[in-house]
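K.L.:
fold the following for me, if possible:
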Amino acid sequence: MQVKYTLPILAAAGFLFAAYTVINSNKPIPVAPVVAPPASAPFTSFIAGSGIVEAKSQNIAIGTPLSGIVKTVAIKVGDKVKVGAPLFYLDDRDTRAELAVKRADLAKARAGVNEAKASVRDTQSLSALAEAITDRRAISSEELLRRRNALLINTTKLGSAEALVQQAEAALTTTQTTLARLVVQAPINGEVLQVNIRPGEFAQAGALNTPLLVLGNMEQLHVRVDIDENDAWRFDQNSKAVAFLRGNPNFKTDLIPAYVEPYVVPKKSLTGDSSEQVDTRVLQALYSFDRNQLPVYVGQQLDVFIEARDYSGDGRPPL
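P.N.:
Here you go, the predicted model:
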């Protein structure tokens, strides 16, 4: 009898469990509370755009004119540098050895000039003595001609020796220039924002995806705003603009127009990778702001709203 009632009881229990599971799984998942609400536009009619903070001088990607092994990095992130301050040094042992050779070549060339000058003076004396003889029977015409030609030849050799000195000086200057180019210097007064090289690493010349150093003038920050080309006709650079800090819309600041880059460009991802693009074009406007109003860093994104005129549905200004 127990087996007779056990199976129906188990079946009923399984049915009830399945029904409970289905009902419980259909309950809506509660929405997680918003950590920070998104920023809302303070204007009735506006243009919204994403902005990225950059230095006033733009973020300068420092490169090197010559490839080589990094010998010394003279700065660190956060350092303030002046124009011409050394940033890093490349291995210069080969160039210094070449410099010593060029200096020796120059010394040899100058010694050749002194030797040529002595030869000219000697032949000038001999030629002057021959020319001073009034009685031509005392000296043959052949000897007189030989002394004149000797003076001419030595004078030409002096010119050649002086040309060799100029050539040696130019070669020395070239090597000194190469040596100077192995010291990468700051092009502006600014602050070091990023350092991507270490002593012993190879610094490649040319355009790089990851710059060796990033430098910028931090006395004033700019925000670069991407304005969709569909909104470009509504944009007025003299209109009011407000930027909100992403993650906390309570931080906001009024923007001051700096300038507009009048060339509409393909939009790029704000990660900075030139290969990340979307199928739209944007007009880029730059604004300045008071750094004390926003706790931001270079490269940080902002939500920007620009006041726009309220146009009618036909796309014309209201009368």
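K.L.:
from memory Ser127 sits against Leu145, does it?
P.N.:
No. Using Cβ atoms under 8 Å, Ser127 is not in contact with Leu145, being 10.4 Å away. Just so you know, the C-beta spots here come from the backbone N, C-alpha and C atoms, and that holds for glycine as well.
K.L.:
looking at the two, which is more packed in?
P.N.:
Per other Cβ atoms under 10 Å, whichever of Ser127 and Leu145 has more neighbours is Ser127, with 19 against 11.
K.L.:
now for the helix or strand containing that one, which elements pack on it?
P.N.:
Here Ser127, judged by DSSP states H and E, is contained in helix 93-132. Contacts defined by 3 or more Cβ pairs under 8 Å, 6 or more residues apart in numbering; DSSP states H and E place helix 93-132 against helix 141-181.
K.L.:
please redo it, this time with the cut-off set to 10 Å
P.N.:
When contacts are defined as 3 or more Cβ pairs under 10 Å, 6 or more residues apart in numbering; DSSP states H and E, helix 93-132 packs onto strand 68-73, helix 141-181.
K.L.:
now do the strands in the stretch 151-300 of the chain.
P.N.:
Counting by DSSP state E, counting those that start in this stretch, the stretch 151-300 of the chain has these strands, from start to end: 183-185, 190-195, 202-203, 213-216, 221-228, 241-245, 248-254, 256-268, 277-288.
K.L.:
model confidence over the shortest one, on average?
P.N.:
Averaged over strand 202-203, pLDDT sits at 94.
K.L.:
which residues are contacting that strand?
P.N.:
63-64, 66-71, 88, 90-91, 182, 184, 196-197, 212-213 (Cβ atoms under 10 Å, 6 or more residues apart in numbering).
K.L.:
just the buried residues of these.
P.N.:
Among those, those classed as buried by 16 or more other Cβ atoms under 10 Å are 64, 68, 70-71, 88, 90-91, 182, 184, 197, 212-213.
K.L.:
show me the contacts for Glu219.
P.N.:
So Glu219 contacts 55-57, 189-191, 291 (Cβ under 10 Å, 6+ apart).
K.L.:
hmm, 6 Å instead?
P.N.:
Contacts for Glu219 (Cβ atoms under 6 Å, 6 or more residues apart in numbering) come out as none.
K.L.:
quick one: pLDDT of it?
P.N.:
Value for Glu219, per-residue pLDDT: 85.
K.L.:
do the same with the one 10 residues further on
P.N.:
Confidence per residue is given as pLDDT, and for Glu229 that number is 90.
K.L.:
repeat that for Ile197.
P.N.:
pLDDT, Ile197: 93.
K.L.:
quickly note the distance from it to Lys80.
P.N.:
Relative to Lys80, Ile197 is positioned 19 Å away (Cβ to Cβ, to the nearest Å).
K.L.:
again with Ile256
P.N.:
Note on Ile256: its distance to Lys80, by Cβ to Cβ, is 24 Å.
K.L.:
quick check: which ranges of the stretch 1-150 of the chain have low pLDDT?
P.N.:
1-5, 7, 25-27, 29-36, 131, 134-139 (pLDDT under 70).
K.L.:
which of the helices and strands packed on helix 93-132 sits closest to Val296?
P.N.:
strand 68-73 (27.1 Å; Cβ to Cβ).
K.L.:
can you list the strands that the closest one pairs with?
P.N.:
strand 86-90 (antiparallel), strand 202-203 (antiparallel) (DSSP bridges).
K.L.:
tell me which of those sits most buried.
P.N.:
Mean neighbour count (mean count of other Cβ atoms under 10 Å) peaks for strand 86-90 among these, with a mean of 20.
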